[in-house]
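J.: Next input, structure requested:
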Amino acid sequence: MKQQLARNISTYRKERGLTQEELAQILGLSFQAVSKWENAQTMPDISLLPELSRTLQVSIDKLMGYVSQQKPITIYEEEYKTEDYYWGTEPNSACYEVLRKIPPTRRLRLLDIGCGEGKDAVFFARNGYEVTAFDVTDAGVEKTKRLADQVGVHVHAFKADLLDYRLDTPFDILYSSGVLHYMKPEFRDEIFANYKQFTNEGGAHVFNVFIQKPFIAPPPEKEPNAHKWYSGELLAHYRDWLILDSSEIVFDCNSSGIPHQHAMSKIMARKVSAQGR
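T.: The predicted model follows:
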């Protein structure tokens, strides 16, 4: 909990545009005290939490690492509450690429970041991967568990916000499809560094992101918490990894009932030890 609280204080302080000195001044403390919190050397006194919460404009639960959303993060919060699966139950084509290039010939731990209703996570579990998955929506997590139960596999699914959640145990494969546009640009370096640190040698990341192209009209869905990615930006995070695939596609979509197009950048990259390079 200490590490999670340290990260969250630093994250939300920066979101508010405050320096350590400015936060300390508001709280009537020395900046060294704030520095020690953010380095996980000490924790704030419990009596300071209400003022810290108000100053950082975040609930105490969320500050402590518990997901407690006062407002939806994604427009799909309500869509997932229906009995039907909004995205269907057929896996993304990238799942087959993972199965082909990184088959579970041994125990492989896979994390699905932003699993939605669980179709990809369940596919991986059915094919022999040890799957952990999280999503920011309660309904998505419950439907992931339900789908896993229906096909007789186990997926360790839980609720988390990718802006807050950090890895503290290693995985062999990190996978995410259609989710990373919720990642704010100012936190991408830190989040990707965490993902890479907690990936086993020989492991891989399989991600895609929606990218901005001048010849593609904005999508009809209004995503208030979406953030832009650009061509080459995702690839730049993997300059020190072996690139197995890096491509861009344009595809048709009808998810909102209005035909439109998306441009997407994809990457599959493997972590190779210095000796193996």
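
J.: ok, and the helix or strand in the protein with the lowest average confidence?
T.: Taking mean pLDDT, DSSP states H and E as the measure, helix 76-79 is the helix or strand of the chain with the lowest mean score, a mean of 75.

J.: Tell me which other helices or strands it touches.
T.: Judged by 3 or more CB pairs under 8 Å, 6 or more residues apart in numbering; DSSP states H and E, helix 76-79 is in contact with no other helix or strand. For glycine as for every other residue, the C-beta is placed from the backbone atoms N, C-alpha and C.

J.: Would you map the helices across the stretch 101-250 of the chain?
T.: With DSSP state H, counting those that start in this stretch applied, the stretch 101-250 of the chain shows helices at 119-126, 138-151, 188-197, 233-236, listed in chain order.

J.: Could you dump those into a markdown table and include mean neighbour count?
T.: Shown next, in a markdown table, are those (neighbours: other CB atoms under 10 Å):
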| stretch | mean neighbour count |
| --- | --- |
| helix 119-126 | 25 |
| helix 138-151 | 19 |
| helix 188-197 | 16 |
| helix 233-236 | 17 |
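
J.: In CSV, list those along with mean pLDDT.
T.: Formatted as CSV, the entries for the helices of the stretch 101-250 of the chain read as follows, by pLDDT from 0 to 100:
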stretch, mean pLDDT
helix 119-126, 98
helix 138-151, 95
helix 188-197, 96
helix 233-236, 97
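
J.: Format the ones you listed as JSON lines; extra columns: distance to residue 48.
T.: As requested, the helices of the stretch 101-250 of the chain are exported to JSON lines (distance: least, CB to CB, whole Å):
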{"stretch": "helix 119-126", "distance to residue 48": "39"}
{"stretch": "helix 138-151", "distance to residue 48": "30"}
{"stretch": "helix 188-197", "distance to residue 48": "25"}
{"stretch": "helix 233-236", "distance to residue 48": "38"}
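
J.: Nearest approach to residue 224 belongs to which of the ones you listed?
T.: helix 138-151 (17.9 Å; CB to CB).

J.: What's the mean pLDDT across stretch 214-226?
T.: The predicted model assigns stretch 214-226 a mean pLDDT of 84.

J.: Give the buried residues for that stretch.
T.: Judged by neighbour count (16 or more other CB atoms under 10 Å), stretch 214-226 contains these buried residues: residue 219.

J.: Looking at the helices of the stretch 101-250 of the chain, which is nearest to residue 20?
T.: Taking CB to CB as the measure, the helices of the stretch 101-250 of the chain were each checked against residue 20, and helix 188-197 came out nearest at 16.4 Å.

J.: Could you name the helices and strands sitting against the closest one?
T.: In terms of contacts (3+ CB pairs under 8 Å, 6+ apart), helix 188-197 is packed against no helix or strand at all.

J.: quick one: contacts of that helix?
T.: When contacts are taken as CB atoms under 8 Å, 6 or more residues apart in numbering, the neighbours of helix 188-197 outside the stretch itself are 162, 163, 166, 167, 174, 183, 205, 237, 241, 271.

J.: can you pick the most crowded of these?
T.: Of those, residue 205 is surrounded by the most neighbours, 25 neighbours in total, counting by other CB atoms under 10 Å.

J.: Tell me how far that residue lies from residue 243.
T.: Between residue 205 and residue 243 the computed distance is 11 Å (CB to CB, to the nearest Å).
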